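> below: sequence and its predicted model.
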Amino acid sequence: MCLFAPSTNPRRVSLEVMTTSPTPSKLTIKTAFITGGSKGIGFFTAKALIERGVNVTLTARNAAEVEAAAAELNALGHGTALGLAVDVRDYAALEGAITQTVDTFGGLDFLFANAGVGIFKPVHELSLEDWAAVIDTNLTGVFYSVKAAVPHLERSSGYIITLSSLAGKNPFALASAYNASKFGLNGFSEAIMLDLRPKGIRVSTIMPGSVSTHFAGHTPSESDAWKIQSEDIAQIVIDLLEMNPRTLPSRVEVRPSQPKKG
Ligand SMILES: NC(=O)c1ccc[n+]([C@@H]2O[C@H](COP(=O)([O-])OP(=O)(O)OC[C@H]3O[C@@H](n4cnc5c(N)ncnc54)[C@H](OP(=O)(O)O)[C@@H]3O)[C@@H](O)[C@H]2O)c1
């Protein structure tokens, strides 16, 4: 059955339809851990996995929002969602959440290192706190996520996907901290792909252009129809996970096919 039922929660508004029946899938993974799963790309990727019967831990800083997101996903009735309030800048909390995931679901097959923030100001107006918030979340937070997950992913021959950006290859004004974090994340992602491939862990990074989400205080609306939708990034994640394991698309660039006019 297919209903037009955008989330009642405006934080997760979607321009797409919501499905209520399980989605046939070639996925072999059983358990996923998603940072930044309460809204936007992380939420819709969690939803795509849950619809395919995968158990998913989603994390975010705001406890009420991440618990509400997990409840919404559990109502779909396929895989199970566990919502945990975890800041990716807190290594001990992240490690504890991954241990809790393994204890609850029996293992870990997939890390989606997605959490990120954007602060856009000229460099001379960036505070020390602004700089640290962006670098510590978008770059160090991914390292922390990977470090905590790798021992478990080694056991499952698992998969890591990092969420970078086209801002990881294209500098633009007001984006010095964000550009630095995503340029760094591209290098990090490719280096760990080379480190972990011999251990049987695959690593890909996705580099989107504009996606309709709550990123940097934006509110998604109908005027975002020209942008990539979160469901489209979720589809790329599913496609990567379904790829024959002999082949590794290590970097995926994705952009709106029709850029905004005017
Ligand atoms: N939207 C775009 O146009 C676009 C384009 C390219 C790349 N990206 C990247 O896509 C990723 C996801 O962003 P989005 O667009 O989906 O934005 P979003 O709608 O704002 O979602 C961001 C998610 O990350 C969480 N988060 C932020 N800081 C966190 C922290 N320190 N610890 C744990 N969770 C944290 C947020 O929850 P809390 O606030 O509760 O922590 C939220 O769940 C980011 O890495 C972003 O850089 C976005």
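Sure thing, it's come through.
> near the ligand, which residues of the stretch 101-250 of the chain?
114-118, 137-138, 141, 163, 165, 208, 210-211, 213-215 (C-beta under 6 Å from any ligand atom). In this view, the C-beta of every residue, glycine as well, is placed from N, C-alpha and C.
> now, of the residues you listed, which are buried?
114-118, 137-138, 141, 163, 165, 208, 210-211, 213-215 (16 or more other C-beta atoms under 10 Å).
> sorry, back to before: which ones among the residues of the stretch 101-250 of the chain next to the ligand map onto strands?
Judged by DSSP state E, strands contain the following of those: 163, 208, 211.
> format those residues as TSV; extra columns: pLDDT.
Formatted as TSV, these follow (pLDDT from 0 to 100):
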residue	pLDDT
163	98
208	98
211	98
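> could these go into TSV alongside distance to residue 25?
Formatted as TSV, those follow (distance: C-beta to C-beta, whole Å):
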residue	distance to residue 25
163	21
208	22
211	23
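> on that earlier part again, hmm, which two among the buried ones among the residues of the stretch 101-250 of the chain next to the ligand are most spread apart?
141 and 210 (22.1 Å; C-beta to C-beta).
> helices of the stretch 101-250 of the chain, start to end?
Using DSSP state H, counting those that start in this stretch, the helices of the stretch 101-250 of the chain run over 128-135, 141-156, 176-196, 230-242.
> can I get those helices in JSON lines including mean pLDDT?
JSON lines is the format used below for these (pLDDT from 0 to 100):
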{"stretch": "helix 128-135", "mean pLDDT": "98"}
{"stretch": "helix 141-156", "mean pLDDT": "98"}
{"stretch": "helix 176-196", "mean pLDDT": "98"}
{"stretch": "helix 230-242", "mean pLDDT": "98"}
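> tell me which residue of the stretch 101-250 of the chain lies closest to the ligand.
Proximity of the stretch 101-250 of the chain to the ligand (C-beta to the nearest ligand atom) peaks at residue 116, 2.1 Å away.
> how about the contacts made by that residue?
Neighbour list for residue 116: 36, 137-138, 141, 163, 165, 181, 215 [criterion: C-beta atoms under 8 Å, 6 or more residues apart in numbering].
> mind redoing it with 7 Å?
By C-beta atoms under 7 Å, 6 or more residues apart in numbering, the residues touching residue 116 are 36, 137-138, 163.
> cool, and residue 93?
Residue 93 neighbours (C-beta under 7 Å, 6+ apart): 86-87.
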